[in-house]
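*Asks:* please work out how this folds:
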Amino acid sequence: MPLSPSHIVQIAVTVQDLERAKTFYGGTLGLAHLFDAPPGLSFFQCGQTRLMLSRPEREATGSSILYYGVPDARAAAAALAADGVALVEEARCIARVGGKDIWLAVAPDGEGNLLGLMSEEAAA
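*Replies:* Numbers count the residues shown, from 1 in each chain. Predicted coordinates for the structure are as follows:
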């Protein structure tokens, strides 16, 4: 019997420098800080999903990209660049789906992880 999850509740992101990561996710991205917990965890809210920042418990074997929905990927990418973040991929239209253009920009978080900034706009 399949579990059929309906949405992501929490995502863990491994970081090397918790304070630097908190500055990026809370300050630069503007996510709401929920709380910190020992021995080195910090929680943020993004819509209905919690983001848990944690120091590595074991050697990492791979990396995931989290895709954040934003109103305008081009404006979000410009804001990150203005904040000194070197984008991995500038905002670009990656697809047209159901009469909407899907825009994506990709940026590093300073901890070796990548994040995507995605927006949907009425097709031009």
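
*Asks:* ok, so what distance separates residue 75 from residue 103?
*Replies:* According to CB to CB, to the nearest Å, residue 75 stands 10 Å off from residue 103. Using the backbone N, CA and C atoms, a C-beta is placed for each residue, glycine as well.

*Asks:* those two - which one has more neighbours?
*Replies:* residue 103 (22 against 15; other CB atoms under 10 Å).

*Asks:* phi first, then psi, for the closest residue to the more buried one other than its chain neighbours.
*Replies:* Closest residue in space to residue 103, ignoring its immediate chain neighbours: residue 73 at 3.8 Å, by CB to CB, 6 or more residues apart in numbering. Backbone torsions for residue 73, taken as degrees, to the nearest 10, come to phi -60, psi -40.

*Asks:* can you pull the contacts of residue 73?
*Replies:* Residues near residue 73 by CB atoms under 8 Å, 6 or more residues apart in numbering: 91, 103, 104, 105, 117, 118, 119.

*Asks:* how near is residue 11 to residue 41?
*Replies:* Residue 11 is 13 Å from residue 41, by CB to CB.

*Asks:* give me the common contacts of the two.
*Replies:* With CB under 8 Å, 6+ apart as the test, residue 11 and residue 41 both reach residue 52.

*Asks:* all strands for this protein, in order.
*Replies:* Assigned by DSSP state E, the chain shows strands spanning 10-14, 32-37, 41-46, 49-54, 65-69, 89-97, 100-108, 114-122.

*Asks:* so for the fifth one, what gets flagged as buried?
*Replies:* Along strand 65-69, the positions that meet the burial threshold by neighbour count (16 or more other CB atoms under 10 Å) are residue 68.

*Asks:* and that strand, C-alpha only, in PDB?
*Replies:* What follows is strand 65-69 as a C-alpha-only set of coordinates in PDB (Å, rounded to 0.1, in the frame of the first residue of the first chain):
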ATOM      1  CA  ILE A  65      18.700  21.000  -4.400                       C
ATOM      2  CA  LEU A  66      15.700  22.600  -2.600                       C
ATOM      3  CA  TYR A  67      13.400  24.600  -4.900                       C
ATOM      4  CA  TYR A  68      11.700  27.600  -3.300                       C
ATOM      5  CA  GLY A  69       8.700  29.200  -4.800                       C
END
